[in-house]
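Visitor: Mind looking at a prediction? Sequence and model below.
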Amino acid sequence: MAKHFPIPMSPSQASHSYCRMCKRQADTGESWPRCTKCKTVAYCSKECQIAHWPVHKPICTPRNPEKIWAIRILNNNGRYRQGIEPAHYFRHEVVSPAIFRYGELCPVTKHIGIPLIICRDMSRGFPSSNNMNAENIGSNEIAVKLRIEDTANALAPMDWQLDVPECVVMREDREPLTMQLLETIYSFNKYLLSYPIIDKGWAPWQGLLNPSVWQYYAMKYYEEQKAEGRPGFSYFLPPSIVEA
Ligand SMILES: [Zn+2]
Ligand SMILES: [Zn+2]
């Protein structure tokens, strides 16, 4: 099904008034110096730039309207995963805008203000047919949870219920997507699905689908991950700033 998605946007100026590392805000109307290679992120100091490099390095590349930074979600993640971070299954990948033609909107992400497009890579990562036990069915669990519908039962579409291969996901606005943000959105969807009111069928769970609930959740999630010492979770940026 062909869909039309917006043409590329330039990085917002607001993104350059925040230091990517310490999140210090420049004085009104000012910007911090940007990464000289990609010009997409800004830092208050050399120290902050060096400290942020492990997070920024994978997507440090000059902006090009013919390229989009996406994240591939690897398979074999339907199994029990205690102690493994969701981002363990993520890989940065450059894709061509043509991929948007095959992509599907993740409805929940539209409601929270960060619309994501997801695309199944039919060429890679199907569970092998002799491996079809309960553990492997729906083996790209992360992708399926990103794709849940905003309808009453919160299920992914029928064709997403079984045999989901590796997927590629990107922001609809074509800004680079960070692994930290994607993990937080996945975790948010998981939280929505575990919300006890869904089972009880009382208030419609869709009432939770708004930027306010999301931003509060994301702030807390970033704080928790930061406390664990994980890089890239130092601070959840205000929604006007792209989390590149
Ligand atoms: Zn800084
Ligand atoms: Zn850079």
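Guide: Structure's in. What do you need? Ligands and ions are numbered 1, 2, ... in the order given.
Visitor: for the helix or strand harbouring D199, what is the average pLDDT?
Guide: Taking DSSP states H and E as the definition, D199 sits inside helix 196-200. The average pLDDT for helix 196-200 rounds to 76.
Visitor: again with stretch 94-109
Guide: On average, stretch 94-109 scores 90.
Visitor: And the helix holding D199, what does it pack against?
Guide: If contacts are counted by 3 or more CB pairs under 8 Å, 6 or more residues apart in numbering; DSSP states H and E, helix 196-200 sits against no helix or strand. No exception for glycine: its C-beta is placed from N, CA and C like everyone else's.
Visitor: quick one: it to chain centroid distance?
Guide: 26 Å (CA atoms, centre = their mean, to the nearest Å).
Visitor: Please list the residues outside that helix that contact it.
Guide: A154, L192, A203, W205 (CB atoms under 8 Å, 6 or more residues apart in numbering).
Visitor: Tell me how many other residues crowd the residue nearest to G113 when sequence neighbours are not counted.
Guide: Once flanking residues are discounted, G113 sits nearest to P211: 4.6 Å by CB to CB, 6 or more residues apart in numbering. When neighbours are counted by other CB atoms under 10 Å, P211 registers 13.
Visitor: now do P157
Guide: Residues near P157, counting by other CB under 10 Å: 12.
Visitor: separation between the residue nearest to it when sequence neighbours are not counted and ligand 1?
Guide: Closest residue to P157 apart from its sequence neighbours, by CB to CB, 6+ apart: E149 at 6.6 Å. Noted for E149: a distance of 40 Å to ligand 1, by CB to the ion, to the nearest Å.
Visitor: What strand or helix carries E149?
Guide: Counting by DSSP H and E, E149 is part of no helix or strand.
Visitor: Make sure it is actually in contact with Q161.
Guide: No: counting by CB atoms under 8 Å, E149 sits too far from Q161 to count as a contact (11.7 Å).
Visitor: helices and strands around the helix or strand where W214 lies, which ones?
Guide: Assigned by DSSP H and E, W214 belongs to helix 211-227. Here helix 211-227 touches helix 107-112, helix 179-193, going by 3+ CB pairs under 8 Å, 6+ apart.
Visitor: picking that back up, common neighbours of E149 and Q161, please.
Guide: Residues touching both E149 and Q161 (CB under 8 Å, 6+ apart): L155.
Visitor: ok, back up a step: tell me which residues of the helix holding D199 come out buried.
Guide: Using 16 or more other CB atoms under 10 Å as the test for burial, helix 196-200 gives I198.
Visitor: And for stretch 103-117?
Guide: If you call a residue buried by 16+ other CB under 10 Å, then stretch 103-117 has these buried ones: G103, E104, C106, P107, V108, T109, H111, I112, I114, P115, L116, I117.
Visitor: Kind regards, and thank you for your time.
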